[in-house]
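Q: For reference, the sequence and a predicted model appear below.
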Amino acid sequence: MVQGRKRPEPHEIIMEAHSPAADSPFSRYQVFVIGLLAFLQFTIILDFMILSPLGAILMHDLSIPAAHFGLAVSVYAFSAGASGLASAGFADRFDRKKLLLFFYTGFILGTFLCGIAPNYPFLIFARIVTGLFGGVIGSIVMTIVADLFPLAKRGRVMGVVQTAFAASQILGIPLGLYLSNLWGWHAPFIMISAVGLVAGIGIVFYLRPIDAHLKLHPDPNPFRHLFQTVSKGHYIQAFAATTLLVTGGFMLMPFSSAFSVQNLGIPFAKLPVVYMITGVFAIIAGPLAGRLSDKLGKYPLFLGGTFLTMIVVIIYTHLGITPLWLVVVVNVILFIGISTRMIPSQALMSAVPVQRDRGAFMSVNAAIQQFAGGIAAGVAGLVVTQNPDGKLGRYDILGYMVVGAMAITAFLMYFINRGIIRRGVKGV
């Protein structure tokens, strides 16, 4: 799939070819950048995740039917995906710092609008604004990581940045719910916009310009640049892998809480315990998986994590009434498997595009993630049924579909990894 592809010019891989050892220490500025990017991811993910736990309060206060509340959740993903595609052609024409500041400012504004929304239509408008800006930030973060850190150390960076998901689960959501109980559902959004403002100040005064890619003369025509990005064979291969990677990860999520309560017999009041313990282990597993991916190799660790996750998914989706401690153990192992898949795969994906295409590639890739997540949730809804006794049916079939998607993803990632090695990139 990659034999006939033209080799990149030397200046396009020079940052990768002279990469330092994987275990060499980060500079103080690099530590600051990693912390800043992880915090940005934390605020973005928390903003996306906080709406679902607030559903009961929102539907009551704004008189929102259940079906309409689903729109409030999904409209963010669709606007984020559209924004990612629309901005892809422009992503390599500006200093990454300026681009990050622009979109993060819009995200803070959108979140603040959610915090003052007086009714349902205004909330929908606010979620669209938040998605248009917030949905692009993840791709900019990944692009900055690829620009500033060589592939040999990129797993460690991804390991820290990706822990934002777990941190939002065990820190942000409980705090958000606590504030909403004190001052209403607006309070969590005001909190996110306030702490986001602090992060924005950090971007303005402490993040240095990131503009080395501009010296490579990216295509000045944004539409042509976008078309060239989505038409390159090895990029298309990576986009296909991303689609299946997200599909395999998202299919089980929409019904995980219902499955735990109805099928596994876990009381609803005990679910926070499961999420909290799982989140703590995920925070530990993320950086460890990143370090191992740099030492053992990205693809070998991804493959090991894939096999582990496949086994646990089969076990999990076939469980009946299960003790709480065993559910916690299974969830912890499952999240460890997911971490050892996602972190090395993200590091590998960051090495696919040459430097002058990174912004466009990451934007398209992020848009695909948003759309694939929505499709995965929709497919899961078509597969899973609810029995008269309240238990979910055909969840085992969903598990088999997830395992199939993971197997195909591992196959595609093999060729992606081989293509990166043939380019002479160090640190794979």
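A: Okay, I see it. Numbers count the residues shown, from 1 in each chain.
Q: quick one, strands of this protein?
A: All strands of the chain, identified by DSSP state E, fall at 385-386, 392-393.
Q: who does the last one pair up with?
A: In this case it means strand 392-393. Sheet neighbours of strand 392-393, with direction, are listed as strand 385-386 (antiparallel) (DSSP bridges).
Q: avg pLDDT for the partner strand?
A: Regarding strand 385-386, the rounded mean pLDDT is 85.
Q: try stretch 186-195
A: 92.
Q: next one: it to chain centre, how far?
A: Per C-alpha atoms, centre = their mean, to the nearest Å, the displacement of stretch 186-195 from the mean C-alpha position of its chain is 21 Å.
Q: Give me the contacts around it.
A: 43, 46-47, 50, 54, 108, 111-112, 114-117, 175-177, 179-180 (C-beta atoms under 8 Å, 6 or more residues apart in numbering). In short, each C-beta sits where N, CA and C put it, glycine included.
Q: mind listing what's buried in that stretch?
A: By neighbour count on 16 or more other C-beta atoms under 10 Å, the buried set for stretch 186-195 is 186-193, 195.
Q: same question, stretch 364-380
A: Within stretch 364-380, the residues that qualify as buried are 364-374, 376-377, 380, counting by 16+ other C-beta under 10 Å.
Q: who's in contact with V428?
A: Under the criterion of C-beta under 8 Å, 6+ apart, the neighbours of V428 are 151, 297-299, 348, 351, 417, 420-421.
Q: Show the buried residues in the residues you listed.
A: 151, 297-299, 348, 351, 417, 420.
Q: now those in TSV, with distance to D95 and pLDDT?
A: Formatted as TSV, the entries for those read as follows, by distance: C-beta to C-beta, whole Å; pLDDT from 0 to 100:
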residue	distance to D95	pLDDT
L151	23	92
G297	33	94
K298	28	96
Y299	33	96
L348	26	94
A351	22	93
N417	31	95
I420	27	93
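Q: export the residues you listed to TSV and tack on distance to R291?
A: Written out in TSV, the entries for those read as follows (distance: C-beta to C-beta, whole Å):
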residue	distance to R291
L151	14
G297	12
K298	12
Y299	16
L348	16
A351	18
N417	19
I420	20
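Q: Narrow those to those in helices?
A: Taking DSSP state H as the definition of helices, these contribute 151, 298-299, 348, 417, 420.
Q: and which of these is nearest to T247?
A: Distance to T247 across those (C-beta to C-beta) is lowest for L348, with 17.8 Å.
Q: Spit out the contact partners of the closest one.
A: With C-beta under 8 Å, 6+ apart as the criterion, the residues that contact L348 are 298-299, 302, 413, 416-417, 420, 428.
Q: now for those, which pair is the farthest apart?
A: Farthest pair in the contacts of L348 (C-beta to C-beta) is F302 and I420. Separation: 12.6 Å.
Q: shaky segments in the stretch 151-300 of the chain?
A: Along the stretch 151-300 of the chain, segments meeting pLDDT under 70 span 169, 173, 217-219.
Q: show me where it has helices.
A: Using DSSP state H, counting those that start in this stretch, the helices of the stretch 151-300 of the chain run over residues 151-161, 164-167, 173-183, 186-206, 222-231, 233-250, 256-262, 271-296, 298-317.
Q: okay, now the residue lying closest to V312 once chain neighbours are set aside: neighbour count?
A: The shortest distance from V312 to any residue other than its chain neighbours is 4.6 Å, reached at L334 (C-beta to C-beta, 6 or more residues apart in numbering). As a burial measure, the neighbour count of L334 was computed by other C-beta atoms under 10 Å and equals 21.
Q: Distance of L334 relative to L292?
A: Using C-beta to C-beta, to the nearest Å, L334 is found at 18 Å from L292.
Q: again with G106
A: Note on G106: its distance to L292, by C-beta to C-beta, is 36 Å.
Q: What residues of stretch 284-294 count as buried?
A: Judged by neighbour count (16+ other C-beta under 10 Å), stretch 284-294 contains these buried residues: 285-294.
Q: Then stretch 162-176?
A: Of all the residues in stretch 162-176, those buried under the rule 16+ other C-beta under 10 Å are 162-170, 172-173, 175-176.
Q: what's the answer for stretch 152-160, then?
A: Under the neighbour-count criterion of 16+ other C-beta under 10 Å, stretch 152-160 has 152-160 buried.
Q: which residues of the stretch 301-428 of the chain fall in helices?
A: Taking DSSP H, counting those that start in this stretch as the test, the helices found in the stretch 301-428 of the chain are 324-350, 358-383, 395-422.
Q: I am finished for the moment; much appreciated.
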